[in-house]
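A.B. asks: Structure for this input, please:
(one chain, ligands or ions: 4)
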Amino acid sequence: MAIILSTALLGCIYVHPLTRILYLDHYYYTYAPKLKSISSLSLKPPRNSVRAASIMSYDKELATAKKACSLAARLCQKVQRALLQSDVQSKSDKSPVTVADYGSQAVVSFILEKELPSRSFSLVAEEDSGDLRKEESQETLQRITKLVNETLASDGTENVSLLSDEDVLTAIDSGKSEGGSFGQHWVLDPIDGTKGFLRGDQYAIALGLLDEGKVVLGVLACPNLPLQTSAGHVQHNVQDKVGCLFFAQVGTGTYMQSLDGSQPTKVDVSSTENAEDASFFESFEAAHSLHDLTSMIAKKLSIKAPPVRIDSQAKYGALSRGDGTIYMRFPHRGYREKIWDHAAGCIVVTEAGGVVSDAAGNPLDFSRGRYLDLDTGIIVTNQKLMPTLLKAVQESLKEKASSL
Ligand SMILES: Nc1ncnc2c1ncn2[C@@H]1O[C@H](COP(=O)(O)O)[C@@H](O)[C@H]1OP(=O)(O)O
Ligand SMILES: [Mg+2]
Ligand SMILES: [Mg+2]
Ligand SMILES: [Mg+2]
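C.D. replies: Ligands and ions are numbered 1, 2, ... in the order given. Okay, the predicted model is just below:
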């Protein structure tokens with residue numbers, strides 16, 4: 001009653017009274033204490049969550065997310081350098097899972113929970129400790145715990161006592177949240193592009209934050225991505241310096257710095273308007289995306305350059321700084337996209353001026369739980385080129401369907 005009365009006094013016009021009550025309650029208890037400055041607080045609560053997001057600051061969350069991803073990247077680099085066949089376990093779904101996947105998830109989860117104390121810490125992450133708790137995984141678990149402790153200790157500012165095996169398992173299992181459209185949820189892929197990681201190629205540590213179902217910040221650590229922008233080329237010479245950290249916060253643009261801590265620079269997507277001058281990214285793995293379909297679309301667009309095939313969300317990072325103009329992803333029938341495979345990449349590209357949509361032209365909806373459940377495929381490019389790309393994609397999909 002009191003909330004309804006105060007709502008009326010504040011002069012807000014909302015359509016549904018129940019939504020209004022929930023919204024105000026959530027706004028004042030969750031957002032209001034975090035507003036950038038009291039001077040930006042109008043007496044009227046914002047009329048929609050977009051406005052709420054636009055006056056919010058996620059600076060502390062972003063700083064912590066950058067630190068967590070940088071440390072996780074340090075752990076992954078160490079493992080990749082010493083990669084042995086015995087680091088690869090077989091999970092029941094047969095996808096390769098490494099010591100680094102678990103270690104990275106434990107480090108990120110531990111740092112977020114410790115440095116951003118909140119009553120409702122929620123993390124949607126790819127891995128869980130199921131296999132690690134088995135008798136035969138004892139040795140692997142001990143290796144992970146050792147790696148996690150070494151990594152946390154390598155950061156001078158971490159004043160933590162050693163984590164036990166059980167602490168590590170608990171940190172990994174914090175990632176079991178279902179996400180959704182209410183409140184805040186961290187979204188983590190501890191190693192995106194496991195296949196690339198195992199090959200010694202591109203991979204990413206991808207961390208996003210959802211607020212009321214929208215991605216409001218994203219961090220992409222890409223330990224093997226060259227720092228130098230190289231339009232259309234991500235294959236690098238051995239002497240090139242590698243290790244990029246991309247980050248974006250809603251409404252403030254996308255920035256990149258080196259993983260070892262250089263000054264951030266603002267990045268923007270390519271401004272290429274002519275499809276035939278565009279270059280495009282796609283999965284390295286043909287099992288992850290239909291290369292024949294993308295080649296059909298590229299032909300329709302008269303794209304001259306061959307596809308640039310790299311693993312992981314490093315593609316979103318590379319696209320955000322204009323290394324290429326288009327990213328297309330068409331998984332095989334039946335594959336369900338997960339939110340942790342796109343949340344960070346999506347905001348990194350959109351804040352750099354790009355557009356991310358499904359093949360029907362709809363934006364990705366991160367508010368429905370762990371899966372995206374979208375219309376066939378994901379396409380990414382700059383705003384000018386999107387209508388042309390969408391048309392070519394839809395025509396090609398129709399032609400493909402009619403030829404079956
Ligand atoms: N069969 C599949 N089809 C599409 N994507 C997949 C498949 N199996 C795993 N993935 C996920 O696709 C992403 C990598 O895509 P790509 O590198 O081709 O862009 C990763 O998130 C990877 O998971 P993971 O995070 O376990 O590596
Ligand atoms: Mg995986
Ligand atoms: Mg992934
Ligand atoms: Mg992964």
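
A.B. asks: Return the residues of this structure in contact with ligand 4.
C.D. replies: Contacts of the chain with ligand 4, taken as Cβ under 5 Å from the ion, map to Glu126, Asp189, Ile191, Asp192. The C-beta positions use only the backbone N, C-alpha and C, and glycine is treated the same way.

A.B. asks: who wins for most neighbours among these?
C.D. replies: Counting neighbours by other Cβ atoms under 10 Å, Asp189 leads these with 32 neighbours.

A.B. asks: residues touching that one, list them.
C.D. replies: With contacts defined as Cβ atoms under 8 Å, 6 or more residues apart in numbering, the neighbours of Asp189 are Ala125, Glu126, Ala204, Ile205, Ala206, Leu207, Gln313, Lys338, Trp340, Asp341, Ala344.

A.B. asks: how about 6 Å then?
C.D. replies: Glu126, Ala206, Trp340 (Cβ atoms under 6 Å, 6 or more residues apart in numbering).

A.B. asks: longest strand anywhere in this structure?
C.D. replies: strand 214-226 (DSSP state E).

A.B. asks: The next helix or strand after that one relative to strand 214-226, how many degrees between them?
C.D. replies: Sequence order places strand 242-249 as the next helix or strand after strand 214-226, per DSSP states H and E. Angle, strand 242-249 to strand 214-226, by axes from the mean of the first three to the mean of the last three Cα atoms, to 10 degrees: 170 degrees.

A.B. asks: Which strands and helices lie in contact with strand 242-249?
C.D. replies: strand 214-226, strand 254-258, helix 343-350 (3 or more Cβ pairs under 6 Å, 6 or more residues apart in numbering; DSSP states H and E).

A.B. asks: Mind listing the strands the longest strand of the chain pairs with, and their directions?
C.D. replies: strand 204-211 (antiparallel), strand 242-249 (antiparallel) (DSSP bridges).

A.B. asks: Would you mark the buried spots in it?
C.D. replies: Going by neighbour count (16 or more other Cβ atoms under 10 Å), the buried part of strand 214-226 is 214-226.

A.B. asks: Take the strands paired with strand 214-226 and lay them out in JSON lines including mean neighbour count, mean pLDDT and distance to Ser120.
C.D. replies: Below are the strands paired with strand 214-226 laid out as JSON lines (neighbours: other Cβ atoms under 10 Å; pLDDT from 0 to 100; distance: least, Cβ to Cβ, whole Å):
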{"stretch": "strand 204-211", "mean neighbour count": "28", "mean pLDDT": "98", "distance to Ser120": "12"}
{"stretch": "strand 242-249", "mean neighbour count": "25", "mean pLDDT": "98", "distance to Ser120": "21"}
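
A.B. asks: got JSON lines for those strands, with distance to Ile379 too?
C.D. replies: Formatted as JSON lines, those follow (distance: least, Cβ to Cβ, whole Å):
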{"stretch": "strand 204-211", "distance to Ile379": "19"}
{"stretch": "strand 242-249", "distance to Ile379": "19"}
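
A.B. asks: Just put the contacts of Asp189 in JSON lines and tack on distance to ligand 1.
C.D. replies: Putting those into JSON lines (distance: Cβ to the nearest ligand atom, whole Å) gives the following:
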{"residue": "Glu126", "distance to ligand 1": "6"}
{"residue": "Ala206", "distance to ligand 1": "8"}
{"residue": "Trp340", "distance to ligand 1": "8"}
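
A.B. asks: Mind putting the residues you listed into CSV with distance to Ala248?
C.D. replies: As requested, these are arranged in CSV below (distance: Cβ to Cβ, whole Å):
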residue, distance to Ala248
Glu126, 21
Ala206, 12
Trp340, 16
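
A.B. asks: remind me which residues of the chain are low pLDDT?
C.D. replies: Applying pLDDT under 70 to the chain picks out residues 1-55, 83-97, 157-159, 230-239.

A.B. asks: what are the ranges of the helices in it?
C.D. replies: Applying DSSP state H to the chain gives helices spanning 2-10, 17-26, 49-54, 59-81, 99-115, 138-154, 165-173, 194-199, 291-300, 314-320, 343-350, 386-403.

A.B. asks: List just the one of these that sits closest to Asp240.
C.D. replies: Closest approach to Asp240 among those is made by helix 314-320 (13.6 Å; Cβ to Cβ).

A.B. asks: Could you find the residue in this protein that comes nearest to ligand 3?
C.D. replies: Proximity to ligand 3, evaluated over the chain using Cβ to the ion, is greatest for Asp192 at 3.7 Å.

A.B. asks: Make sure that residue is actually in contact with Asp311.
C.D. replies: No. Assessed by Cβ atoms under 6 Å, Asp192 is found out of contact with Asp311, at 8.1 Å.

A.B. asks: Report the central residue of the protein.
C.D. replies: Ala344 (2.3 Å; Cα atoms, centre = their mean).

A.B. asks: Next, work out how far apart that residue and Ile310 are.
C.D. replies: Distance, Ala344 to Ile310, by Cβ to Cβ, to the nearest Å: 16 Å.

A.B. asks: And for Val124?
C.D. replies: 25 Å.

A.B. asks: and if you look at Phe366?
C.D. replies: 23 Å.

A.B. asks: leaving aside the residues next to it on the chain, what's closest to the residue of the chain found nearest ligand 1?
C.D. replies: Using Cβ to the nearest ligand atom, the single residue of the chain nearest to ligand 1 is Ser283, 2.9 Å away. Leaving out its chain neighbours, the residue that sits closest to Ser283 by Cβ to Cβ, 6 or more residues apart in numbering is Ser289, at 4.0 Å.

A.B. asks: How many residues are close by the one you found?
C.D. replies: Ser289, neighbours per other Cβ under 10 Å, totals 21.

A.B. asks: for it, what are its contacts?
C.D. replies: Glu282, Ser283, Arg329, Phe330.

A.B. asks: what do you get if the cut-off is 10 Å, keeping everything else the same?
C.D. replies: Going by Cβ atoms under 10 Å, 6 or more residues apart in numbering, Ser289 touches Glu282, Ser283, Arg309, Tyr327, Met328, Arg329, Phe330, Pro331, His332, Tyr335, Gly377, Ile378.
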